[in-house]
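Trainee: sequence first, then the predicted structure, then my questions.
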Amino acid sequence: MRLLIALILLIVTLWLIRSNRIKMRSITIVISGIILAVYVVLVLIGGLYNWHKESESVPAADVVSAFIQEMNPELNHKIHKIRDEIALAETKIQQLEDLKKSFPNQGKMIYLKLEQWHNLTGQLNQVLNDIDLTVEKAYVVYKINEIQGENQFRVISKALLKEANAVLANADATKSVLEEPLYE
C-alpha cells in the first residue's frame, strides 16, 4: 500500500516538474514538498504504530496456555477441571465459613470440615502449580529447539496427564467423603 502511494506521488511529482512554465514550476516545487512531507509523516506514523504493536508483549501465561491447548488439548482440559475443582472447594470453604459465623457453638465440627477442604484445596493448588511449572519449562525447551522440544513435551505431557487424572480421581474421592452426611 505504501509502495503504491509512493509510486503515485512520484508520478505526480515528475509530471509537475516537467511543466515548463515559471509559475507552474514554483507551484510544482511547493506541491512536491508538501507531498514529500506528507509521505514522510505517513511513514513515520506507520513505523511508530508497528513499534508500539511490537512493544506490547503478550503475557507469558497466555502464551503457555495457548501452547498447552495446541500441543495437548486433553491435558489443557484436565488443568481446567482442576481449576474448577479448586473453585468449587473455595466455594464450599466460604459456605462453611458463613455457617461457622451463623452457628458459633458448632465451630469445632465446622472447623474439622474446613480443615479438610483447605487440605484438598492446598493439594489441588500444589499439583496445578507443579503442572504449570513443568508446562512452562517444556514451552521454553520447545522454543529453544522446536523439533526436540515437541518430542520432549509429548513425553512430559503424557506424564502430566496421568498425574492430573490421578489428582482429579483423588479429589473426587475426597470430595465424596467430605460431602457424606455426618449422621447416617
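Mentor: Nice, thanks for sending it over.
Trainee: number of nearby residues for V141?
Mentor: 16 (other Cβ atoms under 10 Å). Yep, even glycine has a C-beta here, placed from its N, CA and C like the rest.
Trainee: same question, N165
Mentor: 14.
Trainee: repeat for H77
Mentor: 14.
Trainee: element containing it, please.
Mentor: helix 73-102 (DSSP states H and E).
Trainee: with Y111 instead?
Mentor: Assignment of secondary structure by DSSP H and E places Y111 within helix 107-144.
Trainee: show me how far that helix is from its chain's centre.
Mentor: Counting by Cα atoms, centre = their mean, to the nearest Å, helix 107-144 is centred 19 Å from the centre of its parent chain.
Trainee: what residue ranges in the protein score low on pLDDT?
Mentor: The chain contains residues with pLDDT under 70 at 1-7, 9-10, 12-28, 47-58, 145-153, 177-184.
Trainee: now the most centrally placed residue in the chain: how far from Q69?
Mentor: The centre of the chain sits closest to D62, judged by Cα atoms, centre = their mean, with a distance of 1.4 Å. According to Cβ to Cβ, to the nearest Å, D62 and Q69 sit 10 Å apart.
Trainee: also Y39?
Mentor: 43 Å.
Trainee: now do L133 against V40, distance only.
Mentor: As defined by Cβ to Cβ, L133 lies at a distance of 49 Å from V40.
Trainee: try A173
Mentor: According to Cβ to Cβ, A173 and V40 sit 70 Å apart.
Trainee: how close does the residue nearest to the centre of the chain get to K175?
Mentor: Using Cβ to Cβ, D62 is found at 30 Å from K175.
Trainee: in stretch 29-47, which residues are buried?
Mentor: Going by neighbour count (16 or more other Cβ atoms under 10 Å), the buried part of stretch 29-47 is 32, 35.
Trainee: may I have that stretch as CSV, with CA atoms only?
Mentor: Taking C-alpha atoms only, stretch 29-47 is exported to CSV below (Å, rounded to 0.1, in the frame of the first residue of the first chain):
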residue,chain,number,x,y,z
ILE,A,29,8.1,22.6,-6.1
VAL,A,30,5.7,23.6,-3.3
ILE,A,31,3.3,20.8,-4.0
SER,A,32,6.2,18.3,-4.3
GLY,A,33,7.5,19.5,-0.9
ILE,A,34,4.1,19.1,0.6
ILE,A,35,3.6,15.6,-0.9
LEU,A,36,7.0,14.5,0.2
ALA,A,37,6.4,15.9,3.8
VAL,A,38,3.0,14.1,4.0
TYR,A,39,4.7,10.8,2.8
VAL,A,40,7.5,11.1,5.3
VAL,A,41,4.9,11.7,8.1
LEU,A,42,2.9,8.7,7.0
VAL,A,43,6.0,6.5,7.0
LEU,A,44,6.9,7.7,10.5
ILE,A,45,3.4,7.2,11.8
GLY,A,46,3.4,3.6,10.3
GLY,A,47,6.7,2.9,11.9
